[in-house]
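Q: I'd like to go over a predicted model; first the sequence, then the structure.
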Amino acid sequence: MTTDPIADFLTRIRNASSAGLKIVQIPASNTKKAMTQILFDQGFILNFKFEDDDKQGVITIALKYNPSTKVPAITKLQRASRPGLRKYSSSTEMPRVLNGLGIAIVSTSHGVITDKQARKENVGGEVLCYVY
């Protein structure tokens with residue numbers, strides 16, 4: 001059992017991507033499902049599938065690579081807020097990742113959304129991670 005499930009989620013994707021694996025399986029939770037949906041919508045992963053079993057369920061993620069160079073679509077996956085030091089941001093001070101080329105995933109009162117959506121909806125929240 002991990003003490004920080006979001007960091008475990010990010011680490012599993014980061015390790016599978018650096019090893020060149022095509023798929024990775026991760027224990028499911030509602031936050032992880034929302035984060036996976038965001039990664040898919042933003043084009044960082046190829047596909048995903050939720051599988052429910054007796055206990056927790058599993059998220060199977062197909063990682064995305066450049067077809068010619070085999071370079072992963074996710075260059076950097078970095079945890080921003082952690083259990084020992086939470087990082088909160090208002091909608092006006094929401095971080096811009098690589099001047100708008102990357103995304104920050106934010107947990108808000110409107111759910112888990114990207115930094116761009118948080119600015120548009122004028123809500124702040126906990127900055128979970130940066131992806132580019």
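A: Perfect, I can see it now. Numbering: from 1, shown residues only.
Q: tell me what the helix or strand Gln78 falls within is packed against?
A: Assigned by DSSP states H and E, Gln78 belongs to strand 77-79. Contacts defined by 3 or more CB pairs under 8 Å, 6 or more residues apart in numbering; DSSP states H and E place strand 77-79 against helix 5-19, strand 125-131. Yep, even glycine has a C-beta here, placed from its N, CA and C like the rest.
Q: Roughly how far does Thr108 sit from Ile23?
A: According to CB to CB, to the nearest Å, Thr108 stands 30 Å off from Ile23.
Q: neighbour-wise, which of those two wins?
A: Taking neighbours as other CB atoms under 10 Å, Thr108 and Ile23 compare with Thr108 leading, 16 against 13.
Q: what mean pLDDT would you report for stretch 25-41?
A: Across stretch 25-41, pLDDT averages out at 96.
Q: what sits up against it?
A: Contacts with stretch 25-41, where a contact means CB atoms under 8 Å, 6 or more residues apart in numbering, come from 5-6, 8-9, 12-13, 45, 47-48, 50-52, 56-61, 74, 103, 105, 107, 111-114, 128-129, 131.
Q: Filter those residues down to the buried ones, ChimeraX style.
A: Here is the ChimeraX command that selects the buried residues among those (16 or more other CB atoms under 10 Å):
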select :6,9,12,13,45,48,59,61,74,103,105,107,112,113,114,128,129,131
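Q: sorry, back to before: give the next helix or strand downstream of the strand holding Gln78.
A: strand 88-89.
Q: Starting from that following strand, tell me the next helix or strand along the chain.
A: Defined by DSSP H and E, the subsequent element after strand 88-89 is strand 103-108.
Q: ok and that next one relative to helix 5-19, angle-wise?
A: Put simply, strand 103-108 runs at 160 degrees to helix 5-19, going by axes from the mean of the first three to the mean of the last three CA atoms, to 10 degrees.
Q: for the residue lying closest to Gly43 once chain neighbours are set aside, what are its contacts?
A: Leaving aside its sequence neighbours, Gly43 sits nearest to Ala73 (CB to CB, 6 or more residues apart in numbering; 7.0 Å). If a contact means CB under 8 Å, 6+ apart, then Ala73 has 43-45, 63-66 as its contacts.
Q: and of these, the nearest to Pro83?
A: Pro83 has its nearest neighbour among the contacts of Ala73 in Phe44, at 24.4 Å by CB to CB.
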